[in-house]
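> Build me a model from this:
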Amino acid sequence: MQLMNVTCCKKKSLEQSNFLAESQSGVCLRLGNTAQLNGSDGIEIQEDDLIEDLQADNLGGLFDFELTDIPRLGDSVTVVIPQTLPVPMNAVYRKFVRGSWQDFVSNANNSVMSTAGNPGYCPPPGATEWQPGLTEGHWCVQLTIEDGGPNDDDGIANGNIVDPGGVAVMLNGNALPPCGCRCYYSAS
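Numbering: from 1, shown residues only. Now for the predicted structure:
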């Protein structure tokens, strides 16, 4: 895979030289519809911009982007997203697809990878540092998404991939126990 001529897009609207999302050479990376409608100049969006994910808690940011000008309809495209926080333990990548949340579908044409990187700085798409899955403590996520596949929000092999999503941990129903203690203060 060629690693030169990478397309970059700001992840955070206030960051100019770091936190740049990158796509593979020849593919245009641009703001997704939600990011555009909310006036963002970066791909990171707020949690309340989409319906709440009742099965997982987003950690590290929600990102809304489109990959366009894909050379062949149905091809898979790689994109790198620096994370706001390091990947947590037991992380999953959640996708907002056709109006509901789902886990990222990994198969022969779709994958999630991570690497340590540094806050705001990641290796380019396809570099040798990328490791399969989401590893706790890593700052960088690489997605390979199939045009028209299960992770493409428009579901059509049309040369465009629509991708709202982010790193999350699944909710397991656990909660902190209620505190039944009473505190007494002495006026001494």
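> ok, now which ones touch the residue nearest the centre of the chain?
Nearest to the mean C-alpha position of the chain, counting by CA atoms, centre = their mean, stands residue 166 at 3.5 Å. Residue 166 sits next to 58, 60, 61, 62, 63, 93, 94 when contact means CB atoms under 8 Å, 6 or more residues apart in numbering. Backbone N, C-alpha and C define where each C-beta goes, glycine included.
> got the contact list for the first one?
Applying CB under 8 Å, 6+ apart to residue 58 gives the contacts 47, 94, 166, 167, 168.
> now residue 103
Applying CB under 8 Å, 6+ apart, the residues near residue 103 are 92, 93, 94, 95.
> bridging residues for residue 22?
Listed beta-bridge partners, residue 22: residue 8, residue 80 (assigned using DSSP bridges).
> so how many other residues sit close to it?
Neighbourhood size, residue 22 [other CB atoms under 10 Å]: 22.
> My guess is it contacts residue 123. True?
No. Judged on CB atoms under 8 Å, residue 22 makes no contact with residue 123 at a distance of 9.2 Å.
> overlap in contacts of the two?
Residues touching both residue 22 and residue 123 by CB under 8 Å, 6+ apart: residue 80.
> ok but residue 34 is inside a helix, no?
Yes. Residue 34 forms part of a helix when assessed by DSSP: H, G, I helix; E, B strand; the rest coil.
> If we ignore the residues flanking it in sequence, what's nearest it?
Nearest residue to residue 34, sequence neighbours excluded (CB to CB, 6 or more residues apart in numbering): residue 64, at 4.5 Å.
> Quick check: that neighbour is in a strand.
Yes. Secondary structure of residue 64 (three-state DSSP): part of a strand.
> tell me which residues form a beta bridge with it?
On the basis of DSSP bridges, residue 64 is bridged to residue 164.
> what about it, how many residues close to it?
Residue 64 has 26 neighbours, counted by other CB under 10 Å.
> Spit out the contact partners of it.
31, 32, 33, 34, 35, 43, 44, 45, 49, 163, 164.
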